[in-house]
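> Predicted model, plus sequence, below.
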Amino acid sequence: MIAAATLYVAGKMEEDHTRIRDIINIYHKMIFPEVDPLPLGDEYWDLRDSLVNCELFLMRMLAFKITVDDPQKVRASVLLV
């Protein structure tokens, strides 16, 4: 669950962020490879709530301080020096 929440937070940092449904489908497929994607139902909503709570826990542990160094900007500044 921590890995899925980490992927979700990282996906939010992108301009075209990853949807929570996609993260849940990937997480569910990794845990249960032989099962079809999770249908919208009680199990999905419970898993979604757990993922959101885990994301909040992760953000609290990081004190809501998330910075992203854009590799293109870092590379450009190195080339200029």
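Right, received. Where do you want to start?

> from here on, contacts and neighbour counts on C-alpha atoms
Noted.

> what's the longest helix seen in the chain in contact with?
In the chain, ranked by residue count with DSSP state H as the criterion, the top helix is helix 42-61. Residues from elsewhere that reach helix 42-61 (Cα atoms under 8 Å, 6 or more residues apart in numbering): Met1, Ile2, Ala4, Ala5, Thr6, Tyr8, Val9, Ile20, Ile24, Leu38, Lys65.

> buried set for that helix?
For helix 42-61, a neighbour-count test (16 or more other Cα atoms under 10 Å) marks Tyr44, Leu47, Arg48, Leu51, Val52, Cys54, Glu55, Leu58, Met59 as buried.

> Distance from it to the middle of the chain?
The chain centre lies 11 Å from the centre of helix 42-61; the measure is Cα atoms, centre = their mean, to the nearest Å.

> can I get the CA coordinates of that helix in PDB?
The C-alpha coordinates for helix 42-61 follow below in PDB (Å, rounded to 0.1, in the frame of the first residue of the first chain):
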ATOM      1  CA  ASP A  42     -17.300  -2.100  -2.100                       C
ATOM      2  CA  GLU A  43     -13.800  -3.700  -2.400                       C
ATOM      3  CA  TYR A  44     -12.700  -1.000  -4.900                       C
ATOM      4  CA  TRP A  45     -14.000   1.800  -2.700                       C
ATOM      5  CA  ASP A  46     -12.300   0.300   0.400                       C
ATOM      6  CA  LEU A  47      -9.100   0.000  -1.400                       C
ATOM      7  CA  ARG A  48      -9.400   3.600  -2.700                       C
ATOM      8  CA  ASP A  49     -10.000   4.900   0.800                       C
ATOM      9  CA  SER A  50      -7.000   3.000   2.100                       C
ATOM     10  CA  LEU A  51      -4.800   4.400  -0.600                       C
ATOM     11  CA  VAL A  52      -6.000   8.000   0.100                       C
ATOM     12  CA  ASN A  53      -5.400   7.500   3.800                       C
ATOM     13  CA  CYS A  54      -2.000   6.000   3.100                       C
ATOM     14  CA  GLU A  55      -1.200   9.000   0.900                       C
ATOM     15  CA  LEU A  56      -2.200  11.400   3.700                       C
ATOM     16  CA  PHE A  57       0.000   9.400   6.100                       C
ATOM     17  CA  LEU A  58       2.900   9.600   3.700                       C
ATOM     18  CA  MET A  59       2.500  13.300   3.200                       C
ATOM     19  CA  ARG A  60       2.400  13.900   6.900                       C
ATOM     20  CA  MET A  61       5.600  11.900   7.400                       C
END
